[in-house]
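*Asks:* Can you look at this prediction? I've put the sequence above it.
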Amino acid sequence: MCGIVGILGGHEVAPILVEALKRLEYRGYDSAGIATVHDGVLERRRAVGKLVNLSDLLVHDPLQGKSGIGHTRWATHGAPSIDNAHPHRAGPVSVVHNGIIENFRELREELAAAGIQFVTETDTETVALLTQLYIEKGAQPVEAARKTLSRLDGAFALAFLFEGEEDLIVAARKGSPLAIGHGDGEMFVGSDAIALGPLTDRITYLEEGDSAVLTRTSLEIRNEAGEIANREMQTIRLDQTRVDKGGHKHFMAKEIAEQPTVIGEAIRHYLDNTGASVVLPDPGLDFTQIDRLTMVACGTAYYACFTAKYWFEQLAGIPVEVDVASEFRYREPPISKGTVALFVSQSGETADTLAALRYCEGKADKIVSVVNVPESSIARESDLVLPILAGTEIGVASTKAFTCQLTVLLMIALKAAAERGTMTAQEVADKLSALRMLPGVMNAALERESTLQAVSHNLSEARDILFLGRGVMYPLALEGALKLKEISYIHAEAYASGELKHGPIALVDEHVPVVVLAPRDSLFDKTISNMQEVMARNGKVLLITDAEGASQGGDGVWDTVVMPVVDPVLSPILYSIPAQLLAYHTAVAKGTDVDQPRNLAKSVTVE
Ligand code: F6R
């Protein structure tokens with residue numbers, strides 16, 4: 001959701017800014033731009049569309065200078081256009097911004113009343129104009145930026161660059177993450193540590209409300225109250241900031257293929273030495289004291305929560321409420337004593353999820369987060385952080401983070417079941433033993449790729465596709481439909497199999513493929529009956545099941561994908577692989593931009 005970078009360097013900065021933006025492009029790719037100061041003169045270049053357009057522009061119209069800021073945009077206010085592209089400039093000030101300035105209308109009115117003209121439709125332009133105004137009234141750049149910051153409401157990460165100032169960047173964070181990188185005689189700022197990976201492994205994360213004044217040799221951080229704040233410098237493992245496709249055509253393909261490995265790591269992380277029980281990091285959770293679990297997330301992470309609802313309820317007997325964060329937070333649900341609030345987020349920065357977490361602060365007994373980025377805002381504001389250890393996920397469509405979220409949530413549910421006595425120690429040990437085998441089974445599932453690729457070729461011709469699942473496979477049907485629509489742009493819907501006849505079956509005809517996710521489990525016969533109802537109306541069924549399921553339910557279907565056999569509790573994790581590969585190969589067959597689908601961005605830091 002917009003990436004920002006700033007560099008006070010020792011070399012020509014334009015190519016380094018572009019390189020850093022490339023690593024942030026997963027956050028948005030509607031337009032990109034950079035600004036530098038050279039011989040005191042502030043200049044910028046901006047281009048609509050992907051970063052490659054900016055790189056091309058810089059070949060013909062280069063920018064010199066060793067100090068600069070850059071931006072890659074996911075449009076919020078104003079269409080993707082050159083005028084609306086960052087950096088925004090007003091006289092001696094240039095600004096890059098990630099987030100939303102919520103009071104920009106009032107600020108615009110105030111500036112308009114002072115006779116100031118606007119050239120963009122963005123909220124960010126008000127930041128540049130306000131800073132310029134303070135400078136014109138006599139403030140020095142740092143003071144002008146601080147005065148401006150004190151006027152802003154909303155969520156933002158900002159970096160300011162000033163004409164005539166080749167050794168100064170002012171940066172600030174409120175709601176959107178910002179990392180400061182320490183070099184040798186150089187200083188950097190970026191939306192995340194990944195952006196700064198090739199430049200430095202020494203990172204200081206700004207805290208909520210912090211502002212920072214950077215020179216090449218100094219960093220001064222102040223908290224929201226304006227007091228000097230000491231923020232710890234961390235050394236980041238370089239492998240955590242590596243960004244490459246590892247020989248795959250797309251990041252998404254690499255991340256799908258990585259799943260057996262990362263899931264294996266997540267399993268090992270939460271297993272005790274005996275492999276027969278689950279250990280949670282401090283301060284842990286006392287599941288015997290929990291009356292209710294409230295799980296909140298967005299998108300794919302929400303479907304992970306929805307899946308886990310089945311596990312917590314069935315295995316551990318804990319009543320679970322799941323909700324999408326954007327609804328939860330404004331519904332103002334009562335949170336009774338004995339409730340643990342659990343938030344799931346790959347990025348740990350999703351604005352709605354973070355706001356939902358803050359709503360639960362002081363109301364829930366404990367705030368728990370299941371995140372991929374342990375330094376994220378959601379992690380930092382939680383009482384207990386459970387990392388999913390998926391490694392950096394770059395593809396905009398979440399894959400390995402989803403299956404790692406499921407794995408960790410299942411392990412927590414098993415721990416809860418053991419503590420609450422709803423499963424015996426032996427039953428839990430058996431499930432964990434099956435879980436330890438899962439990476440191997442997932443490798444076998446990945447071997448179905450060529451079959452799934454062939455099926456996807458046919459799917460790519462469809463205008464609408466339905467997904468069906470029952471029980472714990474219903475949330476996966478929802479996730480399969482989401483994955484397909486977001487990268488192939490084919491309209492896809494998912495239904496609980498039993499719900500189809502209550503309306504959606506009207507959509508079925510010979511042109512609508514219906515993907516049925518049905519391992520041979522206790523609900524199989526019921527799902528197959530629903531599938532027959534579809535076939536009786538000429539629906540083209542793609543049945544994804546195991547060998548027994550294929551022999552019992554495969555007659556008359558359009559196509560079948562036969563999966564390895566797995567303990568039914570693990571089916572949603574295993575069957576994620578065909579759901580992801582169908583989406584991936586359908587998108588590839590359609591020629592869409594798999595890693596950077598239109599209109600989307602990876603980390604949604606605005607409401
Ligand atoms: C879909 C996808 C999104 C995210 C959602 C939440 O493939 O990736 O639906 O799951 O935006 O993001 P996080 O998990 O970062 O909170």
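*Replies:* All right, it came through fine.
*Asks:* Not counting sequence-adjacent ones, nearest residue to the one residue in the stretch 151-300 of the chain that gets nearest to the ligand?
*Replies:* Here the stretch 151-300 of the chain gets closest to the ligand at one residue, G299, 1.9 Å apart by Cβ to the nearest ligand atom. C-beta here means a position set from N, CA and C on the backbone, and glycine is covered the same way. Using Cβ to Cβ, 6 or more residues apart in numbering and skipping residues adjacent in sequence, the residue nearest G299 is L482, 6.9 Å away.
*Asks:* State the pLDDT value of the one you found.
*Replies:* Looking at L482, its pLDDT is 98.
*Asks:* How far off centre is the host helix or strand of it?
*Replies:* Using DSSP states H and E, L482 sits in helix 473-488. When distances are taken as Cα atoms, centre = their mean, to the nearest Å, helix 473-488 is centred 16 Å away from the chain's centroid.
*Asks:* same deal with stretch 144-153?
*Replies:* For stretch 144-153, the separation from the chain centroid amounts to 29 Å (computed by Cα atoms, centre = their mean).
*Asks:* buried sites along that stretch?
*Replies:* Applying a neighbour-count criterion of 16 or more other Cβ atoms under 10 Å, the buried positions in stretch 144-153 are A144, A145, R146, K147, T148, L149, R151, L152.
*Asks:* same check, this time on stretch 194-204
*Replies:* Applying a neighbour-count criterion of 16+ other Cβ under 10 Å, the buried positions in stretch 194-204 are I194, A195, L196, G197, L199, T200, D201, R202, I203, T204.
*Asks:* Tell me which other helices or strands the helix holding L482 touches.
*Replies:* Contacting helix 473-488 under the criterion 3 or more Cβ pairs under 8 Å, 6 or more residues apart in numbering; DSSP states H and E are the following elements: helix 299-316, strand 464-469, strand 491-496, strand 513-517, helix 571-574, helix 576-590.
*Asks:* State the phi and psi torsions of D595.
*Replies:* Here is the backbone geometry of D595 (degrees, to the nearest 10): phi -80, psi -20.
*Asks:* and it, how many neighbours?
*Replies:* Neighbours of D595 under the rule other Cβ atoms under 10 Å: 22.
*Asks:* Return the residues in contact with it.
*Replies:* Contact criterion Cβ atoms under 8 Å, 6 or more residues apart in numbering gives Y26, H250, F251, M252, I394, G395, V396 as the residues in contact with D595.
*Asks:* which of those sit farthest apart?
*Replies:* Y26 and H250 (11.9 Å; Cβ to Cβ).
*Asks:* tell me, what's touching the two both at once?
*Replies:* The overlap between the contact sets of Y26 and H250 (Cβ under 8 Å, 6+ apart) consists of G395, D595.
*Asks:* The two: which has the busier surroundings?
*Replies:* The neighbour comparison of Y26 against H250 (other Cβ under 10 Å) goes to Y26, with 25 against 20.
*Asks:* Give the buried residues for stretch 334-348.
*Replies:* Using 16+ other Cβ under 10 Å as the test for burial, stretch 334-348 gives I335, T339, V340, A341, L342, F343, V344, S345, Q346, S347, G348.
*Asks:* Return only those of these found close to the ligand.
*Replies:* Of the entries in the buried residues of stretch 334-348, the ones placed beside the ligand under the rule of Cβ under 6 Å from any ligand atom are S345, Q346, S347.
*Asks:* Just the closest of those to A157, please.
*Replies:* Relative to A157, and with distances defined as Cβ to Cβ, the nearest of those is S347, at 13.5 Å.
*Asks:* quick one, what contacts the closest one?
*Replies:* By Cβ under 8 Å, 6+ apart, S347 lies in contact with V371, N372, V373, S376, K602, S603, V604.
*Asks:* The fourth one against T350, yeah?
*Replies:* Spelled out, it's S376. No - at 9.3 Å, S376 and T350 do not qualify as touching, with contact defined as Cβ atoms under 8 Å.
*Asks:* who has more neighbours, those two?
*Replies:* Neighbour tally, S376 and T350, criterion other Cβ under 10 Å: the higher count belongs to T350, 29 against 24.
*Asks:* dump the residue contacts of the more buried one.
*Replies:* Contacts for T350 were tallied using Cβ under 8 Å, 6+ apart; they are A297, C298, A301, A325, I378, S603, V604, T605.
*Asks:* Which of those residues fall within strands?
*Replies:* Using DSSP state E, A297 are the members of the contacts of T350 that sit in strands.
*Asks:* how about a markdown table for the contacts of T350, with neighbour count added?
*Replies:* Formatted as a markdown table, those follow (neighbours: other Cβ atoms under 10 Å):
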| residue | neighbour count |
| --- | --- |
| A297 | 29 |
| C298 | 23 |
| A301 | 28 |
| A325 | 27 |
| I378 | 25 |
| S603 | 27 |
| V604 | 21 |
| T605 | 27 |
